[in-house]
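Predicted model follows, preceded by the sequence.
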Amino acid sequence: MNSYALIPEWVSISTLAMLALAILLAMFRLMKGPTLPDRIVALDLIAALCMCFAIAYAISSSEVRYLDIAAIVALVAFIGTVAYATYLKKKYL
């Protein structure tokens, strides 16, 4: 799987599997979250986990292109979090 053979293949597979499981659990919290701030935190967590997944996949496959995806997700997540925080500030104050 990886050309450098620095990381064993089972480590890469288990890392990606654990990140995928964490994304599914965060999606469950996003759907079930009792309040809007809980859902916003879950959405931010999903974005962070997607960045980690893209970085881990880039390392395991030795493809640099996936790091660009992680950077784009980070920018969009930051803008979305700021937008939600502004919305909540206007709603609760």
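The structure has been received and is ready for your questions. Residues are numbered from 1 along each chain as shown.

Thr35: what's it in contact with?
Contacts for Thr35 (C-beta atoms under 8 Å, 6 or more residues apart in numbering) come out as none. C-beta: built from backbone N, CA, C; applies to glycine.

next one: the one 4 residues further on
Each residue near Arg39 by C-beta under 8 Å, 6+ apart is listed here: Arg29, Leu30, Gly33.

Which element, helix or strand, includes it?
helix 36-61 (DSSP states H and E).

repeat for Leu19
Assigned by DSSP H and E, Leu19 falls within helix 9-32.

Can you flag the buried ones in the contacts of Arg39?
Arg29, Leu30 (16 or more other C-beta atoms under 10 Å).

Name the nearest residue to Leu30, ignoring sequence neighbours.
Distances taken as C-beta to C-beta, 6 or more residues apart in numbering put Ala42 closest to Leu30, at 4.1 Å, once the chain neighbours are dropped.

Verify the stated contact: that neighbour with Pro34.
No: with contact defined as C-beta atoms under 8 Å, Ala42 does not reach Pro34; the gap is 11.2 Å.

between those two, which one's more packed in?
Applying other C-beta atoms under 10 Å to Ala42 and Pro34 shows that Ala42 carries more neighbours, namely 19 against 8.

Quick one: residues contacting that one.
Ala26, Met27, Arg29, Leu30, Gly33.

With distance to Cys50 and pLDDT added, can I get these in TSV?
Output for the contacts of Ala42, formatted as TSV (distance: C-beta to C-beta, whole Å; pLDDT from 0 to 100):
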residue	distance to Cys50	pLDDT
Ala26	10	96
Met27	11	97
Arg29	15	95
Leu30	13	94
Gly33	18	86
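
could the residues you listed go into JSON lines alongside distance to Gly80?
JSON lines is the format used below for those (distance: C-beta to C-beta, whole Å):
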{"residue": "Ala26", "distance to Gly80": "15"}
{"residue": "Met27", "distance to Gly80": "16"}
{"residue": "Arg29", "distance to Gly80": "17"}
{"residue": "Leu30", "distance to Gly80": "13"}
{"residue": "Gly33", "distance to Gly80": "16"}
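
Fine by me, we can end here.
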